[in-house]
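Colleague: Predicted model follows, preceded by the sequence.
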Amino acid sequence: MTDPVLRLENIVKTFPGVRALDGVSFSVMPGEVHALMGENGAGKSTSMKVLGGIYQPDSGDIFMGEKKVTMSGPLEAKSMGIVFIHQELSLAEELSVAENIYLGELPRKSFGRVDWARLADQTNAILKKLNVSFDAKTRVGDLSIANQQMVEIARALTVDAKAVIFDEPTASLTDAEKVVLFDVIADLKADGVGIIYISHRMEEIFKITDRISILRDGQYQGTVVTADTNEEAVTQMMIGRALDLSRNATHHDLGDVALEVRGLSCGKLYQDVSFEVRRGEVVGFYGLIGAGRTEIAETLFGLRDPSSGQILLDGQEVRLHSPADAIARGISLVPEDRKGQGLILGMSCRDNMTLPQVDTLKAGPFVAERAEIDIFDQYRARLDIRTPSWKTQAGNLSGGNQQKIVIGKWLSMQPKVLIVDEPTRGIDVGSKSEIHKLLRELAAQGYAVMIISSEMPEVLHVSDRIVAMYSGRIMRTFTSDEVTEDNLIQAISGIKSGQAA
């Protein structure tokens, strides 16, 4: 039999107060796409950091083929043919695409001069494979997040890779870009490269992977052949319980209208938008990228000034010129970009959680630390935030736990209207289920909740009503009883009710 291109055997890694990895073992074969799955905090990222030499294991071994190896750092891992495509971008925005792709390995001419012509040719040849619209000389800071992710992926094609690790590679990609990525993975697979694919998106796992290894609480749970299993079985291994995947059905009385929007427009971003959200109701907004969903949320939070229309809270028209105006009136926004807009990564979990209300948590001239800790502890338990301590910097948490900090921050403000933009992006299935349950519980307690999501199962599962948007306009509003996948897809594609598809 062919030897695995890569094998981890009984890896143990301990941090103060946390046993992050406890005997993790799995192998990757040449030409195999091998999924690594688990809840946030299960040990996926730690395993990859051990593999990349960022962390040294306390015990256990790493093998490449039959040879036991020691990774002293990322450069050594790369020299052995291990390439990482990180979820969190690690690019130098002021440099060109070419300089980022070949950073530290720029082609040289005599006397150490950079061979700019060869650099451009090599880069453009790689970019052609990815079918992107930019070239080698483009400044990375001028690219969209999705295109910056494609630059990260391009790095994997510059070396003779034996194993490539993709960590949530499609989190920022459009559907068209996903197709290109999957073609790249198929080419790598055909060349005999072993691929580790980390993702929370089950549809991707079952589409492109050959085997799945599952971690839970730092422990290896087993490896299954993708074709021989299903989503329910994998989820059970990941979280140790079954999930409620049923459609939402409202079992509580709806209250008065908390938020009403009449004929709201904002230039070319969206036009003549009207809707209402009642107390006790979850209203989901669904549409393609550019439909105007996030821009509406930003307007309601005072980040954008509308060009026309009205916003009413409890029947009274309000003018929201800043987030401070919105917060003061009981509107909270969990933003789509948790790192850029939701967190201060260098601050502690506690300080991030209590930041919007720090002025009210006073003991004389000082901040009441005990009150802050109590708030953090409450939402840490409620949202199952996995962190060794409230003192941990938010930037050191996994993406899913960072998102929970942002949600907890706004829930602690007890808002009248809670707007949640992509609430479970980058969050594992178990945590998704908990957040969905929490949002429904908040509605049952009388909150008015708006959900913006790019995931159809999410809006179907959580929402009492669904607002379908296309090109800045509301096409149709569905109740949970009347919505189907077909009529929802037609609506977000610009097909009006009764019009032939």
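Modeller: Received the coordinates, thanks.

Colleague: Can you tell me the strand partners of the helix or strand of the chain with the lowest mean pLDDT and which way each runs?
Modeller: Sorting the helices and strands of the chain by mean pLDDT, DSSP states H and E puts strand 362-363 at the bottom, at a mean of 77. Here strand 362-363 is paired, per DSSP bridges, with strand 366-367 (antiparallel).

Colleague: which residues are contacting the partner strand?
Modeller: Strand 366-367 is contacted by residues Val358, Leu361 when judged by C-beta atoms under 8 Å, 6 or more residues apart in numbering. Just so you know, the C-beta spots here come from the backbone N, C-alpha and C atoms, and that holds for glycine as well.

Colleague: repeat that with 6 Å
Modeller: Residues from elsewhere that reach strand 366-367 (C-beta atoms under 6 Å, 6 or more residues apart in numbering): Leu361.

Colleague: try stretch 134-154
Modeller: So stretch 134-154 is contacted by 85, 89, 91, 93, 96-98, 100-101, 120, 123-124, 126, 130, 132, 172-173, 177 (C-beta under 6 Å, 6+ apart).

Colleague: surely Tyr379 meets Val406?
Modeller: No - with contact defined as C-beta atoms under 6 Å, Tyr379 does not count as touching Val406 (10.7 Å).

Colleague: Can you give me the domain assignment for this structure?
Modeller: Listed by automatic domain parsing, the domain ranges of the chain are 6-239, 243-330+416-501, 343-414.

Colleague: what about the stretch 1-150 of the chain, any weak spots by pLDDT?
Modeller: 1, 17, 40, 87-89 (pLDDT under 70).

Colleague: tally of neighbours for the closest residue to Gln378 other than its chain neighbours?
Modeller: Nearest residue to Gln378 in three dimensions, chain neighbours excluded: Ser412, at 7.6 Å (C-beta to C-beta, 6 or more residues apart in numbering). Neighbours of Ser412 under the rule other C-beta atoms under 10 Å: 18.

Colleague: Could you do Lys129 as well?
Modeller: Lys129: 14 neighbours (other C-beta under 10 Å).

Colleague: Tell me where the stretch 151-300 of the chain has helices.
Modeller: 175-190, 202-208, 231-239, 293-300 (DSSP state H, counting those that start in this stretch).

Colleague: now those as TSV including mean neighbour count, mean pLDDT and distance to Thr2?
Modeller: Listed next are the helices of the stretch 151-300 of the chain as TSV, based on neighbours: other C-beta atoms under 10 Å; pLDDT from 0 to 100; distance: least, C-beta to C-beta, whole Å:
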stretch	mean neighbour count	mean pLDDT	distance to Thr2
helix 175-190	16	84	14
helix 202-208	16	90	20
helix 231-239	18	83	26
helix 293-300	24	94	47
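
Colleague: Make JSON lines out of those and add distance to Gln310.
Modeller: Shown next, in JSON lines, are the helices of the stretch 151-300 of the chain (distance: least, C-beta to C-beta, whole Å):
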{"stretch": "helix 175-190", "distance to Gln310": "35"}
{"stretch": "helix 202-208", "distance to Gln310": "40"}
{"stretch": "helix 231-239", "distance to Gln310": "44"}
{"stretch": "helix 293-300", "distance to Gln310": "12"}
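
Colleague: where along the stretch 351-500 of the chain do the strands fall?
Modeller: With DSSP state E, counting those that start in this stretch, the ranges of strands along the stretch 351-500 of the chain come out as 362-363, 366-367, 417-421, 448-453, 465-470, 473-479.

Colleague: Quick check: which of the ones you listed is nearest to Arg304?
Modeller: Counting by C-beta to C-beta, Arg304 lies closest to strand 417-421 out of the strands of the stretch 351-500 of the chain; the figure is 13.2 Å.
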